[in-house]
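Q: sequence and predicted structure below; questions after.
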Amino acid sequence: MEIGEIKTIKISDLAYGGDGVGKSSDGRAIFIPLTAPGDLVKAKITKIKKSYAFGELIEILKKGEARIDAPCPVYYDCGGCQLQHISYSKELELKKENIEELISRIGEIKDFKVNEAIFGVDDFRYRNKAQFPLEVDKENKITAGFYKRGSHEVVPYHDCLIQHPLINRILKTTLKELNKFKISVYDEKSHSGLLRHLVIRVGVCTNQALLVFVTNGSYFAEKEIIAENLLKKIPELKGVVQNINQKRTNVIFGEENKVIRGRSYIREYINKIAYNISVRSFFQVNTLVAGKLYEQIKTYLGQSGKDTIIDAFSGTGSIALYLADKAKKIYAVESLSSAVKDGRENAVLNGIKNIEFIEGLVEEELDSIVKKDIIDTIIFDPPRKGLDKKTIKLLKKVKIKKIIYISCNPATQARDLKSLKSHYNLIEVQPVDLFPQTYHIESAALLKLK
Ligand SMILES: C[S@@+](CC[C@H](N)C(=O)[O-])C[C@H]1O[C@@H](n2cnc3c(N)ncnc32)[C@H](O)[C@@H]1O
């Protein structure tokens with residue numbers, strides 16, 4: 001096999017990450033983006049490794065049964081979605097298979113059960129948060145979109161099909177207002193220019209919205225007038241905030257927020273629980289399906305109402321608040337101070353008194369919690385990198401009866417399940433599709449002490 005060689009490949013599977021996978025005549029697996037199981041394709045080999053290779057789709061010779069026409073006009077350029085060319089029912093099936101494959105290959109676990117994925121009513125227009133990189137177009141106007149697959153080139157588009165419609169309306173109006181002035185856009189190569197990102201959050205159940213200008217520096221002369229105009233034009237907008245990020249980094253937010261107009265949070269609901277969510281705090285991007293995920297966690301927790309629980313990586317305390325009436329006490333551990341503050345305020349807002357919010361790192365705080373209290377269940381909802389070694393070691397030592405491990409990265413979850421399998425049985429795994437049209441999937445695993 002050679003780089004640049006054109007090969008005819010039958011696609012048999014979908015890899016976690018969204019690439020279709022076929023086999024070459026020499027037995028290597030070939031990963032080809034934008035292909036679907038069942039497709040017969042012509043692909044150009046772009047990278048070769050010992051046991052696998054990567055290819056670029058050149059032509060679809062025969063469409064597989066799962067293939068559909070992607071509804072978004074910029075889908076094949078934009079890197080935001082990976083699975084719009086596959087029917088949603090097949091997408092759910094493939095995501096379940098991805099989790100099964102990762103648990104058996106990386107987790108090295110044999111007998112386990114993965115349920116059919118839980119999903120929502122809307123597989124489009126579901127996202128409650130968008131982070132738009134900006135660019136100057138050929139007409140010298142500021143435009144926004146998403147990064148092209150595998151690059152930092154912006155694909156301009158203002159009607160993203162997976163965003164909530166209010167987000168797209170705010171984006172269009174904001175660009176119009178910005179373009180009334182001469183405002184510079186940040187260039188990451190030269191680290192110059194002012195406007196880096198627009199971040200828009202909406203409350204799907206409240207129709208409230210928050211707009212954040214992420215800027216490289218604090219001086220933004222036109223911000224007051226722009227914010228004033230936007231609040232007049234968009235009644236749903238509850239606040240316009242400036243976030244200052246002067247670092248050379250891919251991380252979107254900087255540390256400092258300045259409220260330009262209105263307030264710095266929106267209200268959202270998951271079933272009966274009210275959440276105030278501020279600029280940087282984590283909140284699940286699919287509010288309605290997050291409600292289904294939290295119901296599943298409640299089912300895993302059981303009905304006793306007497307358990308003492310740790311909600312590790314608690315964000316704004318969303319899971320802890322949701323479970324509060326089913327627990328004796330909950331320790332919620334989170335490192336981001338604004339999220340902890342949101343959590344404490346949200347507990348007051350909902351009249352909840354049995355959650356202790358702890359600001360700190362999970363790997364450092366767990367030890368002192370388990371020394372002072374007997375924990376019945378621990379819930380983990382870590383970022384994509386999963387659990388650290390110190391936490392795994394502690395779990396093996398303290399022997400908590402039940403672990404509910406929520407993950408947005410089933411590959412690192414599978415790695416952690418492998419580390420825990422000497423002490424815990426994997427009872428079942430519930431995929432929850434919080435991210436339709438993308439390769440991402442939430443995976444909720446129930447583990448019980450052996
Ligand atoms: C996937 S989010 C989960 C949030 C929450 N459980 C929810 O459902 O909204 C992960 C959270 O972990 C926090 N975090 C990341 N690393 C951490 C650490 N080492 N210790 C504590 N919190 C951490 C992040 O700030 C983020 O809020």
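A: Everything's here; your move. Numbering: from 1, shown residues only.
Q: next, the buried residues of the top helix by length along the chain.
A: Criterion DSSP state H: the longest helix present in the chain is helix 88-105. The neighbour-count check on helix 88-105 (16 or more other C-beta atoms under 10 Å) flags 88, 90-103 as buried. From N, CA and C alone the C-beta is placed, and that goes for glycine too.
Q: also stretch 240-253?
A: Applying a neighbour-count criterion of 16+ other C-beta under 10 Å, one finds 240-245, 253 buried in stretch 240-253.
Q: what is the nearest of those residues to residue 17?
A: Closest approach to residue 17 among the buried residues of stretch 240-253 (C-beta to C-beta): residue 253, at 25.8 Å.
Q: ok, that closest one - contacts?
A: Applying C-beta atoms under 8 Å, 6 or more residues apart in numbering, we find residue 253 in contact with 199, 214, 243, 245, 279-280.
Q: next one: stretch 435-450 to chain centre, how far?
A: The chain centre lies 12 Å from the centre of stretch 435-450; the measure is C-alpha atoms, centre = their mean, to the nearest Å.
Q: mind checking if it is in reach of the ligand?
A: No. Applying C-beta under 6 Å from any ligand atom, one finds stretch 435-450 separated from the ligand by no less than 9.3 Å.
Q: relative to the ligand, how far out is the closest residue to residue 319 other than its chain neighbours?
A: Nearest-residue entry for residue 319: residue 311, 5.1 Å, with adjacent residues in sequence omitted and distances by C-beta to C-beta, 6 or more residues apart in numbering. Distance of residue 311 to the ligand, given as C-beta to the nearest ligand atom, to the nearest Å: 7 Å.
Q: go on, residue 9?
A: Separation of residue 9 from the ligand (C-beta to the nearest ligand atom): 36 Å.
Q: report the rounded mean pLDDT for the longest helix of the chain.
A: Across helix 88-105, the average pLDDT comes to 97.
Q: now do stretch 365-382
A: Stretch 365-382 comes out with an average pLDDT of 97.
Q: quick one: end-to-end length of that stretch, please.
A: This stretch, stretch 365-382, spans 14 Å end to end (C-alpha to C-alpha, to the nearest Å).
Q: list the buried ones in that stretch?
A: Using 16+ other C-beta under 10 Å as the test for burial, stretch 365-382 gives 365-366, 369-370, 375-382.
Q: so which of the buried residues of helix 88-105 comes closest to the ligand?
A: Minimum distance to the ligand across these is 17.0 Å, recorded for residue 99 (C-beta to the nearest ligand atom).
Q: quick one: the strands in the stretch 251-400 of the chain, in order.
A: For the stretch 251-400 of the chain, the strands defined by DSSP state E, counting those that start in this stretch cover 256-262, 265-270, 273-278, 308-312, 329-334, 355-359, 377-380.
Q: sorry, back to before: can I assume the residue nearest to residue 319 is in contact with residue 333?
A: Yes. Under the criterion of C-beta atoms under 8 Å, residue 311 makes contact with residue 333 at 7.1 Å.
Q: higher neighbour count, the two?
A: Using other C-beta atoms under 10 Å as the criterion, residue 311 and residue 333 rank with residue 311 on top: 31 against 24.
Q: re earlier: narrow the buried residues of stretch 240-253 to those in strands?
A: 240-244 (DSSP state E).
Q: tell me which two of those residues sit farthest apart.
A: By the measure C-beta to C-beta, 240 and 244 form the most distant pair in these, at 14.2 Å.
Q: okay, helices next: where are they in the stretch 51-200 of the chain?
A: Counting by DSSP state H, counting those that start in this stretch, one finds helices in the stretch 51-200 of the chain at the ranges 88-105, 165-178.
Q: for those helices, could you give me a markdown table that also reports distance to residue 322?
A: Converted to a markdown table, these look like this (distance: least, C-beta to C-beta, whole Å):
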| stretch | distance to residue 322 |
| --- | --- |
| helix 88-105 | 23 |
| helix 165-178 | 24 |
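Q: nearest to residue 129, of those helices?
A: Across these, residue 129 has its closest neighbour in helix 165-178 (7.9 Å, C-beta to C-beta).
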